[in-house]
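Undergrad: fold the following, please.
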Amino acid sequence: MRPDVFPIPKTSSRPRERKSGPLRCHRVLDAIADLGQCAVPGCRGGPLQIHHSRVPGSGAAAGRKSGDDWGMLLCLEHHLGKTGVHAAGDELAWCRRHGIDPYGLPARNRALLERPMP
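TA: Below you'll find the predicted structure:
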């Protein structure tokens, strides 16, 4: 794992078996962290954090974050800063403004797990 990415406490490397609810899998979070740069095109800021998208359809609800497969790596400013996704209010509009397709995140993140390890 890259040293400039905040560590994620590991409880299990396998996805939790649940009948419903968001996916929780540290392998997905590790794969996202290994991308090593902010999801905003052209941004090289840091430190980096994983944001769990809350766009409609992501499974996020009041008091619940979306599944780990809806995660995207953002620099601190784009995550929690004045221009960040949490300050924006409308996450979908924020993503469109920054050229990010939030609905493509689950497929991209699952594909990361299928890549051969270096």
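Undergrad: which stretches of this structure aren't confidently modelled?
TA: 1-22, 116-118 (pLDDT under 70).
Undergrad: please, where are all the strands along it?
TA: With DSSP state E as the criterion, the chain has strands at 48-52, 71-75.
Undergrad: what's in contact with stretch 76-86?
TA: 38-40, 43, 45-49, 51, 74, 87, 91, 94-95, 98 (C-beta atoms under 8 Å, 6 or more residues apart in numbering). All C-beta atoms are positioned from the backbone trio N, CA, C, and that covers glycine.
Undergrad: from those residues, which land in helices?
TA: Among the contacts of stretch 76-86, the residues falling in helices (DSSP state H) are 87, 91, 94-95.
Undergrad: hey, what's A61 bridged with?
TA: For A61, the beta-bridge assignment (DSSP bridges) gives partners R64.
Undergrad: what separation do you get for it and I100?
TA: Plainly put, A61 is 22 Å away from I100 if you go by C-beta to C-beta, to the nearest Å.
Undergrad: how many residues are close by R27?
TA: A count of nearby residues for R27, using other C-beta atoms under 10 Å, gives 15.
Undergrad: so for A61 and I100, which residue has more residues nearby?
TA: I100 (21 against 10).
Undergrad: ok, that one touching V40?
TA: Yes: I100 lies in contact with V40 (C-beta atoms under 8 Å); the separation is 6.9 Å.
Undergrad: what's the offset of the longest helix seen in the chain from the middle of its chain?
TA: When the chain is parsed with DSSP H, its longest helix is helix 105-114. Offset of helix 105-114 from its chain centre (C-alpha atoms, centre = their mean, to the nearest Å): 11 Å.
Undergrad: try stretch 89-109
TA: Centroid displacement of stretch 89-109 relative to its chain, using C-alpha atoms, centre = their mean, is 10 Å.
Undergrad: same deal with stretch 34-44?
TA: Its chain's average C-alpha position is 12 Å from that of stretch 34-44, according to C-alpha atoms, centre = their mean.
Undergrad: run through who's touching it.
TA: Stretch 34-44 is contacted from outside by 1-2, 5, 45-46, 48, 72-75, 78, 98-100, 112, using C-beta under 8 Å, 6+ apart.
Undergrad: 6 Å instead?
TA: With contacts defined as C-beta atoms under 6 Å, 6 or more residues apart in numbering, stretch 34-44 is touched by 2, 45, 72-75, 78, 98-100.
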